[in-house]
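Participant: here you go, sequence then predicted model.
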Amino acid sequence: MERLDGAASVPAQLRGGIVALGNFDGFHRGHQAVVGRAVSRARAEGRPAIVATFDPHPVRHFQPDTPPFRLTTLDQRERLFAAAGADAMLVFQFDGTLASLSARAFAEQRLCGLIGAGGVVTGADFTFGKGRDGNVAVLAQLGAELGFSVDTVAPVSEDDQIISSSRIRDALREGRPRDAAALLTRPFAIEGVVEPGAKLGRDLGYPTANLRLGSYLRPRYGIYAVRGRLSDGTVLDGVANLGIRPTIDPPVELLEPYFFNFSGDLYGQTIEVELIEFLRDEAKYDDLDALKVQIARDCDAAREALRII
């Protein structure tokens, strides 16, 4: 899997590829259908399969004060696209230059000029170009004129509702990670570098790995049953606090997983933590002894939740 810059010419061996085009944040079942169509066409025609995504998300460019809402980082998307069969991930940096391109200019300069696309696959609601002057109908007209094919994939529905990133975000904000996982086809996962902390968890007998939430959507604050994946591929069950730790001053927003039966040093490692089950809201305790008792209960609840998956 290669990661390509959307502002530069793609390597010769990737020109003529079938390009899945969209944001693909979260890479849920609807996104998977678009990329799956592109990969199938590419294999059938003996062409490379390229997934093109945008970073930052266009919303971040036009509304920079929007609260964090990302479901995946670029690194996570790259792994997901590779697992889906793509040969390369192409990243369009969404900045003023890209935002100023008309639909025609984007097709001529980027899809044809820099990528040399043989075909483009999008979702039915895809829009592009300055002022969103392009949609799938415009894209099809431009493709016919400029020499690339265009496929449009219909939305994927569940229970008569279209699967969307918005539905997934709502589920996470409401503390329903299993519902989000059903739409994603995997648990929502936060990836980050483990930072040193105050070592309070260690003093309590429950050492945690501290992760900043960065640009990720903020799920409902509370205690979760989690599953962690270390940089060497080791998978660990655990329990985590996601929030501001109201018993501890000063409040700091963190994801703090405690992994059962693990005693290694994770500082500086990049790990990924899946939210499996919401157990309870955060609460403030009178003292650390009361907090310690509650953590033991949370560990039992997390083990039970993970056992019944």
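Facilitator: Sure, I can see it.

Participant: for Asp125, what are phi and psi?
Facilitator: phi -100, psi 10 (degrees, to the nearest 10).

Participant: my read is that it contacts Pro155, right?
Facilitator: Yes. Counting by Cβ atoms under 8 Å, Asp125 touches Pro155, with 7.2 Å between them. Quick note: C-beta positions are derived from backbone N, CA and C, even for glycine.

Participant: tell me which helix or strand of this protein sits lowest on mean pLDDT?
Facilitator: When each helix and strand of the chain is scored by mean pLDDT, DSSP states H and E, helix 200-204 comes last, with a mean of 66.

Participant: any idea which helix or strand comes after that one?
Facilitator: strand 222-229 (DSSP states H and E).

Participant: show me what that following strand is packed up against.
Facilitator: When contacts are defined as 3 or more Cβ pairs under 8 Å, 6 or more residues apart in numbering; DSSP states H and E, strand 222-229 packs onto strand 235-243, strand 254-259, strand 270-280, helix 288-307.

Participant: 10 Å instead?
Facilitator: helix 177-184, strand 189-193, strand 235-243, strand 254-259, strand 270-280, helix 288-307 (3 or more Cβ pairs under 10 Å, 6 or more residues apart in numbering; DSSP states H and E).

Participant: quick check: mean pLDDT of stretch 283-300?
Facilitator: Across stretch 283-300, the average pLDDT comes to 89.

Participant: buried stuff in that stretch?
Facilitator: For stretch 283-300, the buried set under the neighbour-count rule, 16 or more other Cβ atoms under 10 Å, comprises 291, 295, 298-299.

Participant: do the same with stretch 46-56
Facilitator: Quick answer for stretch 46-56 (16+ other Cβ under 10 Å): 47-55.

Participant: same question, stretch 1-10
Facilitator: Neighbour-count burial for stretch 1-10, with 16+ other Cβ under 10 Å as criterion, is recorded at 2, 4, 6, 10.

Participant: now His61: closest residue in space, sequence neighbours ignored.
Facilitator: Closest residue in space to His61, ignoring its immediate chain neighbours: Phe94 at 5.1 Å, by Cβ to Cβ, 6 or more residues apart in numbering.

Participant: do you know the pLDDT at the one you found?
Facilitator: pLDDT, read off for Phe94, is 94.

Participant: does it touch Asn23 like I think?
Facilitator: Yes. Under the criterion of Cβ atoms under 10 Å, Phe94 makes contact with Asn23 at 9.3 Å.

Participant: circling back: overlap in contacts of Asp125 and Pro155?
Facilitator: Residues touching both Asp125 and Pro155 (Cβ atoms under 10 Å, 6 or more residues apart in numbering): 30, 162, 164.

Participant: columns pLDDT on top of those residues, output as a markdown table?
Facilitator: Shown next, in a markdown table, are the shared contacts of Asp125 and Pro155 (pLDDT from 0 to 100):
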| residue | pLDDT |
| --- | --- |
| Gly30 | 97 |
| Ile162 | 95 |
| Ser164 | 96 |
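
Participant: what's the burial count for Thr97?
Facilitator: 9 (other Cβ atoms under 10 Å).

Participant: now the closest residue in space to it that isn't next to it in sequence, what are its backbone angles?
Facilitator: Among residues not flanking Thr97 along the chain, Ala7 sits closest, at 7.9 Å (Cβ to Cβ, 6+ apart). Main-chain dihedrals, Ala7, degrees, to the nearest 10: phi -100, psi 10.

Participant: swap in the one 4 residues further on?
Facilitator: Backbone dihedrals for Pro11, given as degrees, to the nearest 10, come out at phi -60, psi 150.

Participant: which pLDDT value belongs to it?
Facilitator: Confidence score, pLDDT, at Pro11: 97.

Participant: do the same with the one 10 residues further on
Facilitator: Leu21 carries a pLDDT value of 98.

Participant: same question, Gly113
Facilitator: 96.

Participant: which ones are touching it?
Facilitator: Residues in contact with Gly113 (Cβ under 10 Å, 6+ apart) are 9, 105, 107, 146.

Participant: isn't the last one up against Arg110?
Facilitator: No. No contact is recorded between Leu146 and Arg110 when judged using Cβ under 10 Å, the distance being 11.4 Å.

Participant: how about the spatially closest residue to Ala181 that is not a sequence neighbour, what does it touch?
Facilitator: Using Cβ to Cβ, 6+ apart and skipping residues adjacent in sequence, the residue nearest Ala181 is Pro187, 4.6 Å away. Shown in contact with Pro187 (Cβ under 10 Å, 6+ apart): 177-178, 180-181, 226-227, 272-277, 309.
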